[in-house]
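J.: sharing a model that was predicted from the sequence below.
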Amino acid sequence: MNSGVHNSRRVAAFIVARWLMTKDFPANLLPEGQDRAFVQDLVYTVIRRLRPLRRILGGFLKTWPKGELEALLYVGAAQILYMPEVPDFAAVNETVNAAKACENKSIAKVVNGVLRNLLRNQASLTLGTELETFPTSIGKRWTARFGMENAEKLAAHHNAPAETYLARKDGTFVTLERGVKVTDVPGFATGEFIVQDPGTALAIELLDPKPGETVLDACAAPGGKTVQIAWRGAAVTACEVNPKRRARLVENLKRLGLAVEVVEAVPRCVSPAVSPSSLLPAAGETHRGTEFAKVLVDAPCSNTGVFRRRPDARWNWSVEKLAELVKLQAEILDRCAPLVAPGGTLVYSTCSNEPEENLDQVNAFLVRHPEFTLAATRESVPYETNHDGAFTAALVRG
């Protein structure tokens, strides 16, 4: 599909087709310009509602299409079924116009026929539950943990468009008005704020960085928590092993005018390898002179707390991947433990609501490291807080 023709539905269909084929991050494919917000809403609605869209469209098709046609049908149906702010005539006409630009001219006829048939039968269609929009394994986990009613609330939260929050230097959070570009907000150029959800504040609250304290942010990019630590006057060392993410971190810190040491590896650690944790000291090693008063491990996780912002992440989730992440988190914690000075604090955080990555992970760490004690835990469950899901624990070294 040639996305050069300026039609927001065509651009959205191109992104959906690309995502279906490659599983690239859809956020990286979004266009700049005035249509960006609409295209993002449309693409994210398709990704969130993929299961019911496929079920419903399947009732109007003899054989399931692929490529351009599949993407265009998703885009058209998503507007009709899930975007009431879009008039039905616009949803059909604009999607058909987008289809007319395809090399295969029969695609437009199919799109027109299916979408008009969908409109005629809309009243009799069953959209299904919010949980149906997630992989069955996630729905079962959430139902077992939270109960059916709350699991539905959680799924509904993650299916709603995400609000954008600005975290300011004074520790407050404000909601960005929908449609306003972050770069147009007064104070952007002078580094008065960063984009960050209030759920991230839990880790900073437990870390409680003080002016002059040495703090290691062990998994730092894109740098939101690094910035908040620096704003409180601590002497931060930010470690990020991924070159692209590290470059983004440096860029963010430069815009904010913050003097933070950014390293690709913690001082005196082992040579680089594939695993992020391999850039940290090997388990059991003690490196005097590299100890910090406080260490933050904002660990790689399954992202189940931020499905609202990362709708594609639900389709990458699996029990097998969860187990791999749990193993990696444990390795990172083990290799960061020796970097905490006696009497210092290790704060572990995730943007997940899965027990294996959170309290279970902390309890297992305490068994392996009896020199640490659990001081406090905090958790943001989205249907309770209306913020991103997050977990954090403060562990004090004796």
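T.: Looks like it came in fine. Numbering: from 1, shown residues only.

J.: so how far is residue 144 from residue 363?
T.: Plainly put, residue 363 is 19 Å away from residue 144 if you go by Cβ to Cβ, to the nearest Å. All C-beta spots, glycine's among them, are computed from the backbone N, C-alpha and C.

J.: I meant residue 75, not that one.
T.: 35 Å.

J.: okay, those two: which has more neighbours?
T.: When neighbours are counted by other Cβ atoms under 10 Å, residue 75 and residue 144 differ, and residue 75 comes out ahead with 32 against 10.

J.: now do the contacts for that one.
T.: 9, 12, 13, 16, 42, 46, 95, 98 (Cβ atoms under 8 Å, 6 or more residues apart in numbering).

J.: can you rerun that using 6 Å?
T.: With contacts defined as Cβ atoms under 6 Å, 6 or more residues apart in numbering, the neighbours of residue 75 are 9, 12, 13, 95.

J.: just flag the most distant two among the residues you listed.
T.: Greatest spatial distance in the contacts of residue 75: 12 and 95, 9.2 Å, computed using Cβ to Cβ.

J.: tell me which of the two has more neighbours.
T.: residue 12 (33 against 27).

J.: can you tell me the element the residue nearest to that one when sequence neighbours are not counted falls in?
T.: Nearest residue to residue 12, sequence neighbours excluded (Cβ to Cβ, 6 or more residues apart in numbering): residue 42, at 4.4 Å. Element membership for residue 42, per DSSP states H and E: helix 36-48.

J.: in the stretch 201-350 of the chain, what residue spans correspond to helices?
T.: Listed in chain order, the helices of the stretch 201-350 of the chain (DSSP state H, counting those that start in this stretch) span 201-207, 224-231, 243-256, 319-336.

J.: same thing with the stretch 1-150 of the chain?
T.: 8-22, 36-48, 50-58, 67-82, 88-100, 106-120, 136-146, 148-159.

J.: and the ones you listed as a markdown table, adding distance to residue 308?
T.: Output for the helices of the stretch 1-150 of the chain, formatted as a markdown table (distance: least, Cβ to Cβ, whole Å):
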| stretch | distance to residue 308 |
| --- | --- |
| helix 8-22 | 17 |
| helix 36-48 | 9 |
| helix 50-58 | 15 |
| helix 67-82 | 15 |
| helix 88-100 | 24 |
| helix 106-120 | 27 |
| helix 136-146 | 14 |
| helix 148-159 | 5 |
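
J.: buried deepest among those, which one?
T.: Of all these, helix 67-82 carries the top mean neighbour count, a mean of 24, counting by mean count of other Cβ atoms under 10 Å.

J.: CA atoms of stretch 22-39 as CSV?
T.: Presented in CSV, the C-alpha positions along stretch 22-39 are these (Å, rounded to 0.1, in the frame of the first residue of the first chain):
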residue,chain,number,x,y,z
THR,A,22,6.0,-7.1,11.1
LYS,A,23,4.7,-6.3,14.7
ASP,A,24,6.7,-3.1,14.5
PHE,A,25,5.9,-0.6,17.3
PRO,A,26,2.9,1.3,15.9
ALA,A,27,3.9,4.4,17.8
ASN,A,28,7.0,4.6,15.6
LEU,A,29,5.0,4.6,12.4
LEU,A,30,2.6,7.5,13.3
PRO,A,31,2.8,10.6,11.1
GLU,A,32,3.6,14.1,12.1
GLY,A,33,1.1,16.8,11.4
GLN,A,34,-2.5,17.7,12.3
ASP,A,35,-3.9,14.3,11.5
ARG,A,36,-1.6,12.5,14.0
ALA,A,37,-4.1,12.4,16.9
PHE,A,38,-6.9,11.0,14.7
VAL,A,39,-4.6,8.4,13.1
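
J.: buried set for that stretch?
T.: Neighbour counts over stretch 22-39 (16 or more other Cβ atoms under 10 Å) mark 26, 29, 30, 31, 35, 37, 38, 39 as buried.

J.: pLDDT weak spots in the stretch 1-150 of the chain?
T.: Low-confidence segments of the stretch 1-150 of the chain (pLDDT under 70): 1-6.

J.: and residue 394, that's in a helix?
T.: No - read with DSSP: H, G, I helix; E, B strand; the rest coil, residue 394 is strand and lies in no helix.

J.: am I right that it is in contact with residue 378?
T.: No - taking contacts as Cβ atoms under 6 Å, residue 394 lies outside contact range of residue 378: 8.7 Å.

J.: neighbour count winner among the two?
T.: Taking neighbours as other Cβ under 10 Å, residue 394 and residue 378 compare with residue 394 leading, 23 against 16.

J.: so what's the more buried one up against?
T.: With Cβ under 6 Å, 6+ apart, residue 394 has these contacts: 206, 345, 347, 375, 376.
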